[in-house]
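*Asks:* Structure, please.
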Amino acid sequence: MEQIIIHVDMDAFFAAVEIRDDPALRGKPLIIGALPHERGVVATCSYEARKYGVHSAMNIKEAYRLCPNGIYMHPNFEKYKAVSVRLHEIWNSYASALEAVAFDEAYLDVRERAGDFNGAREIAQEIKRRTRSELGLSCSVGVAYSKTAAKTASEEKKPDGYFELPTPEDFVRLIIDRDVRVLYTVGAQTAGRLHAAGIRTVRDVRERREDVVRILGKQGQWITRLAFGIDDRRVTPYRPQDAKSIGREVTFQKDVDNFELLKDVLLLLALCVEDRAKRIGLHGKGVSLKLTYADMKGITRSRSTPPCDRAVTIYEHAVSMLERVEKRPVRLIGTGIYNLSGEEERQLSFDDILEEAVRAREAELQRLLAGLQTRYHLDFAGHLPQIVRTDTLHKTIEYMRKHA
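*Replies:* Numbering: from 1, shown residues only. From the prediction side, this is the model:
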């Protein structure tokens, strides 16, 4: 057996952290995300809220319609990130390889530490025990021979569950009469195409393999393999340098038709991109601009650049592209860098080498920040480490929108 994989998935993570820190919330329908009067979606919700039909990624207005008496809160990402760091310390202590999916979810290859499924079972129970005793939270854990089976197992007994699928035969027996959406990568659109052809269950996929491949092509080949329990993907640790792009975007609470405000927002977003790029030691060779208009029509613009990881440069290219798009109310704006590579691959430009060019770039940033301070009466330059945090960034931009 090449891999023994544990999939750990925290139970309603954001909501669970808030309930842990405020026991008065326990037993109540708690919805973390946008507030009912705002634009946005549900990030997660407690199991009490899920009884009303609320779920992650649901439009917040629909969540409020279903659960008007729920408790609505903005997420505190810095707090969740700190808890996530401690979770990863626990998980890493058992894994020869760990592939994080999100703050609250990961695949662990535990074959070396566990030896066999009995050992993996002990590790899984130890992870559950430590998660509760050290962090006051619960998690659901699946143990299996593959990534798909491990994730399926972790979902089987939620919340606070444990399940195992040691062999492909066990996996197939569990899912064979379930809807095709149980198979990894089959979403609503793909399922709709299969349903239209009369292929509704995993059993149907197995019996009509040629039809599945004809309808879905390469994805169909993958799905038919899964229907037979075949998934040889490895647990692959995430490496920041493998990212394809670094970006940041924001959705406004009300549509913005003031393009001077949009330029100011781009400067803050560019600062966030620079902060992320520096922390992981990457630069891009292209800058992108993303817009969603009030009618939900989205556009993207991009241009190749010399090696780029500085906020001022990102901002200047993004603004240049913004000036060339149609001027009408905007719902969302974002910018980023792409075609990434590490510092060791970077060829220094004159702007990197000449001291006066470095000073000029810093002076330009200070000039731009001073302009923001004049317009919005906030000390941007003195609070940059706070502003690039997700929760503070959104509050700052909303303040700017109201006072533009």
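*Asks:* Check which element follows the helix or strand of the chain with the lowest mean pLDDT along the chain.
*Replies:* Each helix and strand of the chain was given a mean pLDDT (mean pLDDT, DSSP states H and E); the minimum falls on helix 350-353 at a mean of 44. Along the chain past helix 350-353, the next helix or strand (assigned with DSSP states H and E) turns out to be helix 355-376.
*Asks:* Would you mind listing the outside residues contacting that following helix?
*Replies:* By Cβ atoms under 8 Å, 6 or more residues apart in numbering, the residues outside helix 355-376 that reach it are 264, 267, 310-313, 315, 350-352, 378-381, 399-400, 403-404. In short, each C-beta sits where N, CA and C put it, glycine included.
*Asks:* How about the backbone phi and psi for the residue nearest to the spatial centre of the chain?
*Replies:* Central residue of the chain (Cα atoms, centre = their mean): A102, 6.2 Å from the mean position. A102 has phi and psi values of phi -160, psi -170 when expressed as degrees, to the nearest 10.
*Asks:* and it, bridged to which residues?
*Replies:* Using DSSP bridges, the bridge partners assigned to A102 are E105.
*Asks:* Please report how far it lies from D9.
*Replies:* Between A102 and D9 the distance, using Cβ to Cβ, to the nearest Å, works out to 9 Å.
*Asks:* and if you look at G53?
*Replies:* Distance from G53 to D9, counting by Cβ to Cβ: 21 Å.
*Asks:* of these two, who's got more company?
*Replies:* D9 (21 against 12; other Cβ atoms under 10 Å).
*Asks:* Is that one in a helix, a strand, or coil?
*Replies:* When states are read from DSSP: H, G, I helix; E, B strand; the rest coil, the local structure at D9 comes out as strand.
*Asks:* which residues sit in contact with H403?
*Replies:* Taking Cβ under 8 Å, 6+ apart as the definition of contact, the neighbours of H403 are 376-377.
*Asks:* One more pass at 7 Å, please.
*Replies:* Under the criterion of Cβ atoms under 7 Å, 6 or more residues apart in numbering, the neighbours of H403 are Y376.
*Asks:* ditto for R200
*Replies:* Residues touching R200, when contacts are defined by Cβ under 7 Å, 6+ apart, comprise 179-180.
*Asks:* repeat that with 8 Å
*Replies:* Shown in contact with R200 (Cβ under 8 Å, 6+ apart): 179-180, 194.
*Asks:* Equivalent analysis for R301, please.
*Replies:* Listed by Cβ under 8 Å, 6+ apart, the contact set of R301 reads 288-289, 321, 324-325.
*Asks:* what helix or strand is it on?
*Replies:* strand 298-308.
*Asks:* and if you look at I215?
*Replies:* helix 209-216.
*Asks:* And for A270?
*Replies:* helix 259-280.
*Asks:* Could you do I123 as well?
*Replies:* When elements are defined using DSSP H and E, I123 is found to belong to helix 117-135.
*Asks:* cool, and L137?
*Replies:* Following DSSP H and E, there is no helix or strand that holds L137.
*Asks:* Look at it and report its pLDDT.
*Replies:* Here the pLDDT value assigned to L137 is 97.
*Asks:* Got phi/psi on it?
*Replies:* Dihedral angles phi and psi of L137 (degrees, to the nearest 10) take the values phi -130, psi 160.
*Asks:* Report how many residues lie close to it.
*Replies:* When neighbours are defined as other Cβ under 10 Å, L137 has 20 of them.
*Asks:* For it, which residues are in contact?
*Replies:* When contacts are counted by Cβ under 8 Å, 6+ apart, L137 touches 10-11, 13, 16-17, 20, 83, 131.
*Asks:* Please report how far it lies from V212.
*Replies:* According to Cβ to Cβ, L137 and V212 sit 40 Å apart.
*Asks:* K395: which of the contacts of L137 is nearest?
*Replies:* Taking Cβ to Cβ as the measure, V17 is the one of the contacts of L137 closest to K395, at 19.8 Å.
*Asks:* That closest one and V101, how far apart?
*Replies:* For V17, the distance to V101 (Cβ to Cβ) stands at 18 Å.
*Asks:* more crowded one of these two?
*Replies:* Of the pair V17 and V101, V17 is the one with more neighbours under other Cβ under 10 Å, namely 25 against 13.
*Asks:* right, and the more buried one touches V83 too?
*Replies:* Yes - V17 lies in contact with V83 (Cβ atoms under 8 Å); the separation is 5.7 Å.
*Asks:* Helices along the stretch 1-150 of the chain, start to end?
*Replies:* Listed in chain order, the helices of the stretch 1-150 of the chain (DSSP state H, counting those that start in this stretch) span 13-21, 47-50, 60-66, 77-92, 111-114, 117-135, 147-156.
*Asks:* Tabulate the ones you listed in CSV, adding columns for distance to T251.
*Replies:* Supplementary listing: the helices of the stretch 1-150 of the chain in CSV, determined by distance: least, Cβ to Cβ, whole Å:
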stretch, distance to T251
helix 13-21, 18
helix 47-50, 22
helix 60-66, 11
helix 77-92, 15
helix 111-114, 43
helix 117-135, 31
helix 147-156, 29
